[in-house]
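K.L.:
Fold the following and give me the result.
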Amino acid sequence: MSRDARWTALLDLLAEHGRVEVEEVATTLDVSTATIRRDLDQLAEQQMLTRTRGGAVAHGVSYELPLRYKTARHASQKQRIGRAAASLVALGDVVGLTGGTTTTEVARALALRGDVTADGARQPALTVVTNALNIANELVIRPQIKIVVTGGVARPQSYELTGPLARGVLQEIILDIAVLGIDALDPAQGVYAHHEDEASINRLLAERAQRVVIAADSSKIGRRAFARVCGLDTVDTLITDDAIPPETVAAFEEAGITVTIT
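P.N.:
Coordinates of the predicted model:
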């Protein structure tokens with residue numbers, strides 16, 4: 001197992017359980033305890049966890065993995081969700097995209113749509129407004145897509161721009177559709193993010209949009225996180241995978257949300 005694969009597995013276990021023990025993880029990953037200790041020490045140096053005697057605990061109250069370590073989690077589901085969300089966008093739309101691995105898949109699916117890349121397509125075929133540096137980086141080379149970046153202070157965990165500069169830009173524009181990547185979605189309380197600044201920008205993106213789409217794999221559903229983004233009354237569509245419980249689908253539909261399962 002490569003180091004990156006071990007680190008992803010370690011951080012997945014830490015996100016799920018809140019703490020890990022060296023002996024248990026070594027058995028689970030079928031590597032030596034010395035390797036796990038070294039991995040934990042290196043991750044602690046990057047402030048991604050806190051070392052304890054015999055293991056590690058999640059770093060901080062509002063724990064989140066840096067984006068590059070989230071990419072491999074639920075990858076196939078996120079790709080299907082991304083394609084489904086991209087299909088809701090009409091040519092000429094102004095699309096708002098938050099940061100996150102699932103919205104990155106939405107951006108990639110938009111860039112590959114045949115009607116967007118076709119010779120003779122209108123210029124621009126789409127306008128994408130985003131506060132995510134990685135999404136802007138991927139789409140800026142696409143001549144058919146106009147990119148508007150909000151500005152703001154960059155968060156290294158998610159590559160998202162936040163703060164007054166980001167809010168200032170968003171307050172001056174109107175979006176046809178906003179696709180939100182989220183950290184948690186509760187059938188009663190609404191949409192959540194781990195970080196309050198990201199929640200504030202996501203909320204403003206939703207407020208500036210005619211339609212709001214939540215793109216989230218089922219691991220995010222039925223959970224809450226630190227900062228609330230918006231209530232269910234703001235959301236028009238939820239796109240998720242087929243592991244979502246039927247009773248949860250019914251709860252969202254009763255709230256007036258169209259649920260699309262990929």
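K.L.:
gap between V129 and L11?
P.N.:
30 Å (Cβ to Cβ, to the nearest Å). In this view, the C-beta of every residue, glycine as well, is placed from N, C-alpha and C.
K.L.:
Could you do L40 as well?
P.N.:
In terms of Cβ to Cβ, L40 sits 11 Å off from L11.
K.L.:
How about A166?
P.N.:
Distance from A166 to L11, by Cβ to Cβ: 27 Å.
K.L.:
same deal with N137?
P.N.:
Taking Cβ to Cβ, one finds N137 at 23 Å from L11.
K.L.:
of those two, who's got more company?
P.N.:
L11 (23 against 12; other Cβ atoms under 10 Å).
K.L.:
From what I see, that one and A44 are in contact.
P.N.:
No. Contact criterion Cβ atoms under 8 Å: L11 and A44 do not qualify, at 12.0 Å.
K.L.:
tally of neighbours for the residue nearest to L97 when sequence neighbours are not counted?
P.N.:
Closest residue to L97 apart from its sequence neighbours, by Cβ to Cβ, 6 or more residues apart in numbering: T130 at 4.4 Å. T130 is flanked by 25 other residues according to other Cβ under 10 Å.
K.L.:
what are the bridge partners for T130, then?
P.N.:
With DSSP bridges as the criterion, T130 is bridged to L97, V149.
K.L.:
which non-adjacent residue is nearest the most centrally placed residue in the chain?
P.N.:
The centre of the chain sits closest to G100, judged by Cα atoms, centre = their mean, with a distance of 2.7 Å. Take G100 and drop its neighbours on the chain: the residue closest to it by Cβ to Cβ, 6+ apart is G181, 2.7 Å away.
K.L.:
Hmm, the residue nearest to L97 is touching K146, no?
P.N.:
No. Assessed by Cβ under 8 Å, T130 is found out of contact with K146, at 11.4 Å.
K.L.:
Buried residues, stretch 232-243. List them.
P.N.:
232, 234-241 (16 or more other Cβ atoms under 10 Å).
K.L.:
And for stretch 167-181?
P.N.:
167, 169-170, 175-181.
K.L.:
helix, strand or coil for R203?
P.N.:
helix (DSSP: H, G, I helix; E, B strand; the rest coil).
K.L.:
Just list the residues touching it, thanks.
P.N.:
229-230 (Cβ atoms under 8 Å, 6 or more residues apart in numbering).
K.L.:
Next one: it from A227, what distance?
P.N.:
In terms of Cβ to Cβ, R203 sits 9 Å off from A227.
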